[in-house]
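S.K.: Output the structure for:
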Amino acid sequence: MDEQMIGYKCPNCDATLEFNASSGKMHCAYCDSDFDVDTLKEFDDALKRESDEESQKEPEWNACENGEWEEEGKAIFACRSCGAELVADENTAATVCPYCGNATVLAGRLSGVLKPDMVIPFKVEKEQAIAALKQFCRRKPLLPKFFLDDHRIESITGIYVPFWLFDADADADMTYRATRVRSWRQGDYRITETSHFLVRRSGEIGFDRVPVDGSKKMDDAYMEAIEPYDYGEAVDFATAYLSGYLADKYDVDSTSASPRATERIKDSTQRTFDSTVVGYSSVTPRHRSIKLSDSKIHYALMPVWMLNTVYRGKTYTFAMNGQTGKFVGELPVDRLKYWLWTGGITAAVTLIGVISALLM
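M.R.: Numbering: from 1, shown residues only. This next block holds a predicted model:
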């Protein structure tokens, strides 16, 4: 199949332009030129026209059939900068050539009904993400030494992850059984009085942009752990924001994602109403009714820094919010260090016990 490939080139020196997280502009690393965000859509229009003209001559994207890359859902294309043969799966929307570093956006995969409504650009640069990971690792004495190798940490990758954002109003009606206990002494007796109450709470809560990730590749627990995002910094989608990063289109549609959004909205509504029932000795939920209305769905791309490491057959993941810097990670444990560490603690405790016994 034919794909509309976009590569952003510097008008001054023809080198690759990439989105710069710190300045919020397109930057050329070769001639140090910057281009304002207001020109991003103009870039898109011009490059799409060029891409349309070139695709009429000779398509550069071909579905894999027979050969080295024969695998369902995979395809190959030629890098426009160095001509190297690259491979991507069917959901790849932006990638970087590992040979020359040229950034390429497959615009056709983010157009029409697949076009995101908005994008939150990266604000945390790669160097900042690496520094945060190293600082996190320094506090882990049982971490395998290899994990801190520069070449491994340098492989951290910036990815625009597809998300569905759900708006809804939650109309709730809840009742609780509650008790209030008081006790006092009267003469030779202690009297305990238990009062029983039926407590009712009802009202409406509005939810805006409740996120559910739309990629099967991403662990939902990690994606939720690095929330929240500041949607006030979301901008209208333009493919130029993707230049220099990886990006995928969604492979979990909004219908499949909606049960998770409904669950998150109802859980949040329940916790909010539960928190208002205070001043009682005990509270037991009796009836809950939560109905959602005025639902709306938005499609967005969110910035995430990811690093996956395999150690002894298990994959360990580090994920960082590319806007706020909030991160979560599971790190491997060196077994030898663990036993040395445990043995050292055991020996120290035993020594303290012996010394205490001798002093008694």
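
S.K.: In contact with residue 191, which residues?
M.R.: 183, 184, 185 (C-beta atoms under 8 Å, 6 or more residues apart in numbering). C-beta coordinates here come from the backbone N, C-alpha and C atoms, glycine included.

S.K.: From residue 178, how far off is it?
M.R.: 21 Å (C-beta to C-beta, to the nearest Å).

S.K.: now for the helix or strand where residue 303 lies, which elements pack on it?
M.R.: Using DSSP states H and E, residue 303 maps to strand 282-311. Applying 3 or more C-beta pairs under 8 Å, 6 or more residues apart in numbering; DSSP states H and E, one finds that strand 282-311 makes contact with strand 118-119, helix 126-138, strand 157-186, strand 189-213, helix 254-274, strand 314-321.

S.K.: in it, what's buried?
M.R.: 283, 288, 290, 292, 297-307, 309 (16 or more other C-beta atoms under 10 Å).

S.K.: Lowest-confidence one in the residues you listed?
M.R.: The lowest pLDDT within the buried residues of strand 282-311 belongs to residue 309, with 76.

S.K.: Contacts only, for residue 35.
M.R.: Here residue 35 is in contact with 17, 25, 26, 27, 43 (criterion: C-beta under 8 Å, 6+ apart).

S.K.: On the strand side of things, show who it bridges to.
M.R.: residue 26 (DSSP bridges).

S.K.: per-residue pLDDT, it?
M.R.: Note on residue 35: pLDDT of 81.

S.K.: quick one on the thing from earlier: ok, the strand holding residue 303: who's next to it in the sheet?
M.R.: In the sheet, strand 282-311 lines up with strand 118-119 (parallel), strand 157-186 (antiparallel), strand 314-321 (antiparallel) (DSSP bridges).

S.K.: per-domain residue ranges of the protein.
M.R.: 5-115, 159-335 (automatic domain parsing).

S.K.: Quick check: residue 8 touching residue 15?
M.R.: No. With contact defined as C-beta atoms under 8 Å, residue 8 and residue 15 do not form a contacting pair (9.9 Å).

S.K.: These two: who's more crowded?
M.R.: residue 8 (25 against 17; other C-beta atoms under 10 Å).

S.K.: Distance of that one relative to residue 242?
M.R.: Residue 8 is 9 Å from residue 242, by C-beta to C-beta.

S.K.: can you list residues touching both of those two?
M.R.: Contact criterion C-beta under 8 Å, 6+ apart; residues shared by residue 8 and residue 242: 103, 105.

S.K.: which residue is nearest the middle of this protein?
M.R.: residue 223 (4.0 Å; C-alpha atoms, centre = their mean).

S.K.: Would you format the domains of the chain as CSV with distance to residue 127 included?
M.R.: Formatted as CSV, the domains of the chain follow (distance: least, C-beta to C-beta, whole Å):
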stretch, distance to residue 127
domain 5-115, 10
domain 159-335, 11
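
S.K.: what residues are up against residue 116?
M.R.: Counted by C-beta under 8 Å, 6+ apart, residue 116 has contacts 110, 162, 237, 299, 300, 301.

S.K.: Let me know the pLDDT of residue 109.
M.R.: So, for residue 109, pLDDT stands at 72.

S.K.: quick one: residue 210 and residue 166 touch, right?
M.R.: Yes. Contact between residue 210 and residue 166 holds when scored by C-beta under 8 Å: they sit 4.6 Å apart.

S.K.: what touches both of these two?
M.R.: 261, 265.

S.K.: which one of these two has more residues nearby?
M.R.: residue 166 (24 against 18).

S.K.: so what's that one closest to, chain neighbours aside?
M.R.: The shortest distance from residue 166 to any non-neighbouring residue, by C-beta to C-beta, 6 or more residues apart in numbering, is to residue 261 (4.0 Å).

S.K.: Count the residues that sit near the one you found.
M.R.: For residue 261, using other C-beta under 10 Å, the count is 22.

S.K.: If you count neighbours, what's buried in stretch 164-173?
M.R.: 164, 165, 166, 167, 168, 170, 171, 172.

S.K.: what's the closest of those residues to residue 274?
M.R.: residue 172 (10.6 Å; C-beta to C-beta).

S.K.: quick one, what contacts that closest one?
M.R.: Residue 172 touches 201, 202, 203, 204, 205, 269, 270, 273, 288, 289, 290, 291, counting by C-beta under 8 Å, 6+ apart.

S.K.: Same question for residue 330.
M.R.: The neighbours of residue 330, taking C-beta under 8 Å, 6+ apart as the test, are 316, 317, 318.

S.K.: Report the mean per-residue pLDDT for the strand or helix carrying residue 105.
M.R.: Here residue 105 is covered by strand 103-106, with elements defined by DSSP H and E. Averaged across strand 103-106, the pLDDT comes to 74.

S.K.: same thing with stretch 224-231?
M.R.: Stretch 224-231 shows a mean pLDDT of 95.
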